[in-house]
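Asks: Kindly generate the corresponding structure for this input.
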Amino acid sequence: MAKELPSDWFNEPLTGMPARSLMYATGTVTPEEMAKPFIGLVSSFTDLIPGHSHMRRLERKIEHGVFAGGGVAWLFSVPGICDGIAMGHSGMHYSLPSRELICDMVETITRAHRFDGLVLLTNCDKITPGMLMAAARLDIPAIAVTAGPMHSGNYNMTRLDLVHDTFEAVGRFKAGQIDEEELVALEREACPGGGSCQGLFTANTMACVTEAMGMSLPYCAAALVATAKKDRIAYDSGKRIVELVKQGITARRIMTPEAFANGVAIDMALGGSTNTVLHLMAIANEAGVDLELEVFDDVSRRTPHLTNFRPAGDMMMEDLDHAGGIPAAMKRLKDRLNDCMTTSGATTHEIADAARIFGGEEFIRSADNPYHAEGGIAILRGNLCPEGAVIKQSAVPTEMRSFTGKARVFDSEDAANKAILAQEIKAGDFVVMRYEGPAGGPGMREMLAATAALKGLGMLDKVYLMTDGRFSGGTQGPCIGHVSPEATTGGPIALVQDGDQIHVDLDKRLLELKVDDAELDRRLKAWKRPEPKIKTGYLTRYARYVTSASTGAICR
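Replies: Below is the predicted model of the structure:
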């Protein structure tokens, strides 16, 4: 046992007496258990999110594990937002900002109640990074349990997922490719039950990265929701956190620069969500690790893309689970991964050595037979994004890797969506959706509705999209996000006009506005910062303190 634990304060004979009396009143702890390690079990259970609606079962398993390991489990909760439900309307303004609230709440409760360690029961997009940010900030022993991916849906003997079979189905219906009967059937069958949405969207990408970094136990990321396998991992996590407390192994001893590099490498090999760039930078900031945009591009250039997940391919998380999970992917990449300590007690290389790969080359290819020679994400630079921009290059058709198009400029996502659904976007257009950045949005909304509609309309291989906001992990096609500096600060994206020529070259990592410097200077002098879109409540404070997407959209 570590020499001193935060909860030792409660065992002071006199000063701790009132607090002990209140703790006994909860019925959670007995006098005989007061000296055991106090473990905070922070759960994001809610009826609002399918990825979290099954967590009551896992809470009990984790509790049993904590008590079996010799600790006392104290359950508390944080809220969550479902990005799919919040998508395409004003609710999405709150999604990314909720990450900071979750981090602050975990910190607040943990410090106020002097927990010795944390089990982070999480699953969806902003909740996992928010909890990991808190663990890094607190630097106490912590372990994450991601609640598991959703099983695929099925209609007419065809596997379904949320993005392809609801968001993109809207565009297919508008294009006359499916009728109303099929549209209704897809609505009811695409999501058959709980879990994080089936493809390698942001929630599942973050689960994979969390495991690759060593912050969750092996096989946790891909183990499906409501399975006995997931129950066992939850129980083992509860036992393991007590041992981490006894050994004094804190979160920052796991979340080292080398561990972050491993997380980025797995992200690139799987072709994960571009949102992980924001989240990993924010977690690294709390861990005191310097993680720059260039790290993502450097790792991507030397990491092959080994899987073909939805939305760009057809693989789902259930396939990854059956193929051997994240340990199998780590086995393929072992020579490219740092050998780091993990919460399991085994090192990265030991986990990779013990893994088995099932399905041969069908699901997780070997490094000498990749889908693409480079990883899933590329970082772009140029006069349109001097602080950087992000694209999921593994989801871009080969013929679109170099493209010059005519700007179609929209000062909000809503205006762009209206034009897309009215089929006003034409082949060769370069759609610009601006004033949607961290401060200007505020909240850096995701643009899945726009990209999914274009996909359904058959246009996503004919146009480019660009935004200072974000794209969902479910996005595919030529979509550039996180353009920095954002429009509301006078970044170059604010100066683009309809008809301007915009050029992108993924191999050169270039994003360029074909307008000379003198003209851009003239436009900048004439530019006026717009009035804030939201003038009351939390988002006004968030907009005041949030930084650029190029630094993870953190709040200072």
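Asks: Just name whatever secondary elements the lengthiest strand in the chain is in contact with.
Replies: Ranked by residue count under DSSP state E, the longest strand found in the chain is strand 402-410. Contacting strand 402-410 under the criterion 3 or more CB pairs under 8 Å, 6 or more residues apart in numbering; DSSP states H and E are the following elements: helix 413-421, strand 429-433, strand 501-505. For the C-beta atoms, the positions are set from N, CA and C on the backbone; glycine is no exception.
Asks: between the second one and strand 501-505, how big is the angle?
Replies: Read it as strand 429-433. What separates the directions of strand 429-433 and strand 501-505 is an angle of 90 degrees, with axes from the mean of the first three to the mean of the last three CA atoms, to 10 degrees.
Asks: Which neighbouring elements make contact with strand 429-433?
Replies: strand 402-410, helix 413-421, strand 464-467.
Asks: Need these in a markdown table (columns: mean neighbour count and distance to Leu48).
Replies: Listed next are the helices and strands packed on strand 429-433 as a markdown table, based on neighbours: other CB atoms under 10 Å; distance: least, CB to CB, whole Å:
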| stretch | mean neighbour count | distance to Leu48 |
| --- | --- | --- |
| strand 402-410 | 18 | 30 |
| helix 413-421 | 19 | 22 |
| strand 464-467 | 28 | 26 |
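Asks: May I see the buried residues of the lengthiest helix in the chain?
Replies: Counting residues, the longest helix in the chain under DSSP state H turns out to be helix 228-247. If you call a residue buried by 16 or more other CB atoms under 10 Å, then helix 228-247 has these buried ones: 230-231, 233-246.
Asks: Of the helices and strands packed on strand 429-433, which shows the lowest average pLDDT?
Replies: Per-segment mean pLDDT for these reaches its minimum on helix 413-421, at a mean of 93.
Asks: Sketch out the strands for the stretch 451-556 of the chain, chain order is fine.
Replies: Along the stretch 451-556 of the chain, counting by DSSP state E, counting those that start in this stretch, strands occupy 464-467, 479-484, 501-505, 510-513.
Asks: hmm, who's touching the least confident helix or strand in the chain by mean pLDDT?
Replies: Sorting the helices and strands of the chain by mean pLDDT, DSSP states H and E puts helix 448-456 at the bottom, at a mean of 85. With CB atoms under 8 Å, 6 or more residues apart in numbering as the contact definition, helix 448-456 has outside contacts at 87-88, 163, 167-175, 177, 413, 416-417, 420-421, 425, 431, 433, 460, 463, 465, 471-472, 474-477, 479.
Asks: What spatial separation is found between Met213 and Lys533?
Replies: Met213 sits at a distance of 35 Å from Lys533 (criterion: CB to CB, to the nearest Å).
Asks: quick one on the thing from earlier: if you count contacts, what does the longest helix of the chain end up packed against?
Replies: Going by 3+ CB pairs under 8 Å, 6+ apart, helix 228-247 lies up against strand 38-43, helix 55-69, strand 117-122, strand 142-146.
Asks: Now with 10 Å, please.
Replies: For helix 228-247, the contact count by 3 or more CB pairs under 10 Å, 6 or more residues apart in numbering; DSSP states H and E identifies strand 38-43, helix 55-69, strand 72-77, strand 117-122, strand 142-146, helix 251-254 as packing neighbours.
Asks: Out of those, the one nearest Val496 is which?
Replies: Distance to Val496, taken as CB to CB, is lowest for strand 117-122 among the helices and strands packed on helix 228-247, at 37.9 Å.
Asks: Spatially central residue for this structure, please.
Replies: In the chain, the C-alpha closest to the average C-alpha coordinate belongs to Thr202, at a distance of 3.9 Å (CA atoms, centre = their mean).
Asks: which ones are touching the nearest residue to it once chain neighbours are set aside?
Replies: For Thr202, ignoring the flanking residues on the chain, the nearest one in space by CB to CB, 6 or more residues apart in numbering is Gly473 at 3.5 Å. The neighbours of Gly473, taking CB atoms under 10 Å, 6 or more residues apart in numbering as the test, are 83, 125, 163, 197, 199-206, 272-276, 309, 311, 392, 446, 448.
Asks: Ok, Lys462 next?
Replies: 397, 399-400, 403, 405, 425-429, 454, 477-478.
Asks: Need the buried ones from those residues selected in ChimeraX.
Replies: Filtering the contacts of Lys462 down to the buried ones (16+ other CB under 10 Å) takes a single ChimeraX command:
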select :400,403,405,425,429,454,477,478
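Asks: Of Met213 and Lys533, which one has the most company?
Replies: When neighbours are counted by other CB atoms under 10 Å, Met213 comes out ahead of the other of Met213 and Lys533, with 27 against 17.
Asks: Please report how far that one lies from Glu519.
Replies: According to CB to CB, Met213 stands 45 Å off from Glu519.
Asks: can you check Phe471 too?
Replies: Taking CB to CB, one finds Phe471 at 29 Å from Glu519.
Asks: One more: Val546?
Replies: Separation of Val546 from Glu519 (CB to CB): 30 Å.
Asks: what do you get for Leu14?
Replies: Relative to Glu519, Leu14 is positioned 75 Å away (CB to CB).
Asks: ok, Phe471 and Glu519, which is more surrounded?
Replies: Shown here are Phe471 and Glu519; by other CB under 10 Å, Phe471 has more neighbours (28 against 13).
Asks: Tell me if I'm right that that one and Cys479 touch.
Replies: Yes - here Phe471 reaches Cys479: they are 4.8 Å apart, a contact under CB atoms under 10 Å.
Asks: Can you work out which residues contact both of the two?
Replies: The contact lists of Phe471 and Cys479 share 274, 390-392, 395, 433, 447-448, 450-451, 465, where a contact means CB under 10 Å, 6+ apart.
Asks: Check whether Glu361 really touches Asn369, as I assumed.
Replies: Yes - A contact is recorded between Glu361 and Asn369 when judged using CB under 10 Å, the distance being 6.0 Å.
Asks: Quick check: neighbours shared by those two?
Replies: By CB under 10 Å, 6+ apart, Glu361 and Asn369 have these common neighbours: Leu306.
Asks: sec struct for Gly360, please.
Replies: Here Gly360 takes the coil state, with states given by DSSP: H, G, I helix; E, B strand; the rest coil.
Asks: quick one: Pro370 from Leu306, how far?
Replies: Remark: distance between Pro370 and Leu306 (CB to CB) = 6 Å.
Asks: ditto for Phe201
Replies: In this view, Phe201 and Leu306 are 18 Å apart by CB to CB.
Asks: Just want to know which of these two has more residues nearby.
Replies: In this view Phe201 and Leu306 are compared by other CB under 10 Å, and Phe201 has more residues nearby, 30 against 26.
Asks: if I look at that one, how far off is Val277?
Replies: Using CB to CB, one obtains 15 Å as the distance from Phe201 to Val277.
Asks: Can you tell me which of the helices and strands packed on strand 429-433 is nearest to Thr540?
Replies: Among the helices and strands packed on strand 429-433, helix 413-421 sits nearest to Thr540 (CB to CB), with 19.6 Å.
Asks: which helices and strands sit right next to the closest one?
Replies: When contacts are defined as 3+ CB pairs under 10 Å, 6+ apart, helix 413-421 packs onto helix 168-174, strand 402-410, strand 429-433, helix 448-456, strand 464-467.
Asks: Tell me what angle that helix forms with strand 402-410.
Replies: Using the same axes, to 10 degrees: helix 413-421 against strand 402-410 is 110 degrees.
Asks: Hey, what's the angle from helix 413-421 to helix 448-456? Just curious.
Replies: In this structure, helix 413-421 runs at an angle of 10 degrees to helix 448-456, with the same axes, to 10 degrees as the basis.
Asks: Please list the residues outside helix 413-421 that contact it.
Replies: Helix 413-421 is contacted from outside by 87-90, 92, 170-171, 174, 408-410, 412, 424-425, 429, 431-436, 441, 445-454, 456-457, 459, 463, 465, 467, 469, using CB under 10 Å, 6+ apart.
Asks: Under the pLDDT cut-off, which ranges of this protein? List them.
Replies: Within the chain, the stretches with pLDDT under 70 are 1-3.
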